[in-house]
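Visitor: what's the 3D shape of this:
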Amino acid sequence: ELLFKLAPSSSVVQQSTMEKGTQAIVRQYVARVVAGVSGMKALVLDHETTGIVSMVYTQSQILQQEVFLIDTLEAPHVDRMPHLKAVYFVRPTFENVRRICDGLRDPRYGEYHIFFSNIAGEKHVNALAEADDHEVIQQVQEMYGDYLAINHDLFSLGVPSIAGLRGTKFDQMLFDRVYQGLVSVLLSLKARPAIRYQASSEVTEQLATKVAGVIEQEGELFSFRTKENPPLLIIIDRREDAVTPLLNQWTYQAMVHELIGINNNRVDMSGMPGVKDDQKEVVLSTESDPFYAQNMFLNFGDLGANIKALVDEYQAQTHSTRKVDSIADMQAFVENYPEFRKMSGNVSKHVALMSELSRIVDARQLMDVSQIEQELACTEDHQSAVSEVERLLGNKGVTAEDKLRLVLLYALRYEHHESNHLHNFVDQLQVNGVSSDKLKLIPQILQHCGVRIRQGDLFSNKSFFAVAKKSLQRGIKGVQNVYTQHQPFLAQVLEGLAKSKLPEGHYPYVPSYGHLPLPNRARPPQEVVIFIFGGATFEEARFVAQFNEQQRIAAASAAGTVSTIAGEPASMRVLLGGTSMLTSASFLADLGGGNLGAAPSAAARAGASEHAGIEWGRCGEQLRPTTSCAANSRTASPAPFISTRGEHVEDVVSLVKNSLQAASDSALQEGTRIQAASVASDSAPKANHV
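Guide: Numbering: from 1, shown residues only. Here you go, the predicted structure:
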């Protein structure tokens, strides 16, 4: 009798909440948790809901709701506080329920109000009831905010590694966390979708089938209004596009994450030279920082111009005649005018970030490196690619990590080229001090993300028509910015969905259950949730945001006027999610099974778990968990076909070369087989894919 599920009322027409955005949805759940219990209270969170809450609420906002204590479920409890009401917001796991039950046997608080962030099993509720001898539990409810709301149309599950679900390994707890997070997203969106998955990926099929099974089992929770054109959930595998997470980024949000690291909206700058004490850890939140919200998708050059415009505006107001032409001038100006820092703390924060990004770009020669990365990703010119890669491999100013990424990009594009230079590049990487573990990534990326694994046309070079289309588009549109010309493979998926031409042979539907809606093949879906197993990137997030805006403008134009109302439904609305938000370092660490050792400091921070810590602190106005999450990392053995015998680098190099040759030979045969199967699948009658 204690459990109250947030089931939809049959008398109320349920509307989709996708237009609200993930941040507004999760914030609404948290508000119901903290404001729904009157009087003085303590908010108790676990290590994951700590990150979830901190993404949408500041500490000051929490304290305004009569919250006198923010506690953690894992922390030892000694003092009794019967005058406080305990409000628990935790994930419904056996460990969390056990901890709550232990506390109920000797209650610390006067009342217990328990809110789970996902569907609670009957065993969990029974355990709470049996442990409540003192009858202090007042309510048990489910609030479906079991994910990190990053941007308006972007979410993450905060899973740092999915190595436990690759190959022959199967981590049941990891699988449960992923599918439960997806179920929570659908419930929070009030969406009962048709479900598609990537045919070449067994784990995406397992996830899709499991989510469909939960919808069937929890039919009452998913009894939302049936639509003629139902929402769509499509689950794809990161291995289909390994290029995007390997590229350097040049838009603000993506660049900060790649070069410094964003962890639960926080940026750790403590290891950066010359950083002031109050800027060693800063918050980047679209909810509390208007400048960041307006500039997060701008490229580096436009961002610098906007920051300079703000500084110039203040100079005009204070009648200052100091010359401000460069990033260094802006930083010096901010530091020398305390009143400016006080009035415009956000701007001073962005000046500091801009200065640090500029320093890293210069130190690592990223302008030169990124240009070659983009050419490898977007242009088919083997002779030029070999020449440019060799040039940068011989450049002592380029880091070993950047050189490795260039070779990995070359390996993916020219995997089957008759004049493949991978063996020579491996020798040069060895000379440049790349470790044996990282050298193994070259055959590993071909094994896990090579042409024999991919079912799509990642480089638009599998057919004459694809090559001609790409060349025509480049010729008509031109290249506005050589550093941002790459488009993720996700663009092809969205184009196929928007035109109702995404092949069912590549992305089949889960067979229809009783509570699963039948897909509408005649029209593109209006609401789409794309989930990337293996992690999403901020480049893909930017593309989705721009796609949504284009769809909104097109829909408004078709209606006769361009509306500026954010809530106006577009012809197609997309929400992007992933197991985590990737950097190149975290992607490669996961590819290597999480056992690559320490990465450079900035990259290591960027690749850290997104739901770290159990100890509360203050970071400006942001709730900040501070304990390290190194214990959450997972390790796995190297790829099966790479022998680990031999302790010397020379032995490893030889093994890598042999592996490359073996992989190339098998990939040629497998690639031919998959292409033939793909053609046969696409030509099969649609009735075979219910």
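Visitor: I'd like the distance between Ala131 and Ile114.
Guide: 11 Å (C-beta to C-beta, to the nearest Å). Every C-beta, even on glycine, is put in place using the N, C-alpha and C of the backbone.
Visitor: out of these two, which sits in the busier spot?
Guide: Each of Ala131 and Ile114 has its neighbours counted (other C-beta atoms under 10 Å); Ile114 has more, 27 against 17.
Visitor: give me the low-pLDDT residue ranges for the stretch 301-450 of the chain?
Guide: Scanning the stretch 301-450 of the chain with the threshold set as pLDDT under 70 gives 310, 313-315, 317-325, 330-345.
Visitor: Okay, helices next: where are they in it?
Guide: 327-336, 338-343, 345-363, 366-378, 382-393, 400-413, 422-431, 436-439, 441-449 (DSSP state H, counting those that start in this stretch).
Visitor: Now the shortest one: buried residues?
Guide: Right, the one you point to is helix 436-439. Across helix 436-439, burial judged by 16 or more other C-beta atoms under 10 Å covers 436, 438-439.
Visitor: and if you look at the fourth one?
Guide: Neighbour counts over helix 366-378 (16+ other C-beta under 10 Å) mark 366, 368-370, 372-378 as buried.
Visitor: and if you look at stretch 33-48?
Guide: 33-34, 37, 41-48.
Visitor: Pretty sure Glu415 sits against Val451.
Guide: Yes: Glu415 lies in contact with Val451 (C-beta atoms under 8 Å); the separation is 5.6 Å.
Visitor: Please report how far Ser419 lies from Tyr410.
Guide: Ser419 is 12 Å from Tyr410, by C-beta to C-beta.
Visitor: Overlap of the contact sets of those two?
Guide: Val386 (C-beta atoms under 8 Å, 6 or more residues apart in numbering).
Visitor: quick revisit: give me the common contacts of Ala131 and Ile114.
Guide: Jointly contacting Ala131 and Ile114 under the rule C-beta under 8 Å, 6+ apart are Ile100.
Visitor: related to what we said a few turns ago, right, so of the helices of the stretch 301-450 of the chain, which gets closest to Leu182?
Guide: With respect to Leu182, and counting by C-beta to C-beta, the nearest of those is helix 441-449 at 22.5 Å.
Visitor: Next, format the buried residues of stretch 33-48 as JSON lines and append distance to Arg105 and secondary structure.
Guide: Listed next are the buried residues of stretch 33-48 as JSON lines, based on distance: C-beta to C-beta, whole Å; DSSP: H, G, I helix; E, B strand; the rest coil:
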{"residue": "Val33", "distance to Arg105": "24", "secondary structure": "helix"}
{"residue": "Val34", "distance to Arg105": "26", "secondary structure": "helix"}
{"residue": "Val37", "distance to Arg105": "22", "secondary structure": "coil"}
{"residue": "Lys41", "distance to Arg105": "21", "secondary structure": "strand"}
{"residue": "Ala42", "distance to Arg105": "18", "secondary structure": "strand"}
{"residue": "Leu43", "distance to Arg105": "22", "secondary structure": "strand"}
{"residue": "Val44", "distance to Arg105": "16", "secondary structure": "strand"}
{"residue": "Leu45", "distance to Arg105": "21", "secondary structure": "strand"}
{"residue": "Asp46", "distance to Arg105": "19", "secondary structure": "coil"}
{"residue": "His47", "distance to Arg105": "23", "secondary structure": "helix"}
{"residue": "Glu48", "distance to Arg105": "24", "secondary structure": "helix"}
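Visitor: picking up where we left off before, quick one, which of the helices of the stretch 301-450 of the chain is packed in tightest?
Guide: Counting by mean count of other C-beta atoms under 10 Å, helix 441-449 has the highest mean neighbour count of the helices of the stretch 301-450 of the chain, with a mean of 24.
Visitor: and the angle for that helix with helix 400-413?
Guide: Here helix 441-449 runs at an angle of 40 degrees relative to helix 400-413 (axes from the mean of the first three to the mean of the last three C-alpha atoms, to 10 degrees).
Visitor: residue closest to the middle of the protein?
Guide: Met581 (2.7 Å; C-alpha atoms, centre = their mean).
Visitor: Just want to check the distance between it and Glu495.
Guide: 24 Å.
Visitor: try Gly158
Guide: From Gly158 to Glu495 the distance is 29 Å (C-beta to C-beta).
Visitor: The two: who's more crowded?
Guide: Per other C-beta under 10 Å, whichever of Gly158 and Glu495 has more neighbours is Gly158, with 27 against 13.
Visitor: Please report the distance of the more buried one from Gly36.
Guide: 25 Å.
Visitor: what does Arg391 give?
Guide: As judged by C-beta to C-beta, Arg391 and Gly36 stand 62 Å apart.
Visitor: that older thread, can I get the helices of the stretch 301-450 of the chain in JSON lines with distance to Tyr513?
Guide: Shown next, in JSON lines, are these (distance: least, C-beta to C-beta, whole Å):
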{"stretch": "helix 327-336", "distance to Tyr513": "56"}
{"stretch": "helix 338-343", "distance to Tyr513": "58"}
{"stretch": "helix 345-363", "distance to Tyr513": "48"}
{"stretch": "helix 366-378", "distance to Tyr513": "40"}
{"stretch": "helix 382-393", "distance to Tyr513": "48"}
{"stretch": "helix 400-413", "distance to Tyr513": "38"}
{"stretch": "helix 422-431", "distance to Tyr513": "47"}
{"stretch": "helix 436-439", "distance to Tyr513": "44"}
{"stretch": "helix 441-449", "distance to Tyr513": "32"}
